[in-house]
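Engineer: pasted the sequence and its predicted model underneath.
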Amino acid sequence: MRLGVGSDHAGFKVKEHIRERLSQAGYEVVDYGTHGPESTDYPIYAFRVAEAVARGEVDAGILVCGTGIGMCIAANKVRGVRGAVAWSVETGRLAKRHNNANVLCLPGRLLEPEEAWRVAEAWLGEEFEGGRHARRLALIARHEEDAFC
């Protein structure tokens, strides 16, 4: 599986830890930045990762900023992306099982690096349940196609 990762300065430490753990676990990782702790703008990296997911260059993405919220908002502006903020193993699991999230957004200021890894690992280990959840995602996709965005 090929995964894209990205962060801003607030998520840099966590992103680096996750990137390393993903590599150790055998994932192919594409790092879209940032590549240092200097202040930067999160939408740049959210768009890089989300667009790579939407184009099929990577199978899924993991983004990290201070709260995960900014990255999630930006990533969800890209057609075909289903970004979800997760702050626990359970929310990571449900993001995949119920929402088929293809971009996981993590709060770098609220989770220690190893906690964030456990959330990402749980998300990666789950499968989409389909059923009633597929019907709901179809409603979202239909709106996305009809919307002016």
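Structural biologist: Everything's here; your move.
Engineer: I would like the residues contacting the helix or strand of the chain with the lowest mean pLDDT, please.
Structural biologist: Lowest on mean pLDDT, DSSP states H and E among the helices and strands of the chain sits helix 132-146, with a mean of 89. The list of residues contacting helix 132-146 from outside it, by C-beta atoms under 8 Å, 6 or more residues apart in numbering, reads Arg79, Gly80, Arg82, Arg97, His98, Asn99, Asn100, Phe128. Where C-beta positions appear, they are placed from N, C-alpha and C, glycine not excepted.
Engineer: shouldn't the fifth one be in contact with Glu127?
Structural biologist: No: the criterion here is C-beta atoms under 8 Å, and His98 misses it with Glu127 at 11.3 Å.
Engineer: circling back: going by neighbour count, which of the contacts of helix 132-146 comes out on top?
Structural biologist: Arg82 (20 neighbours; other C-beta atoms under 10 Å).
Engineer: which residue ranges of the protein form helices?
Structural biologist: 12-24, 42-55, 69-75, 89-97, 113-125, 132-146 (DSSP state H).
Engineer: so who does Val119 touch?
Structural biologist: So Val119 contacts Ala86, Trp87, Ser88, Val89, Thr91, Gly92, Leu104, Leu106, Leu111 (C-beta under 8 Å, 6+ apart).
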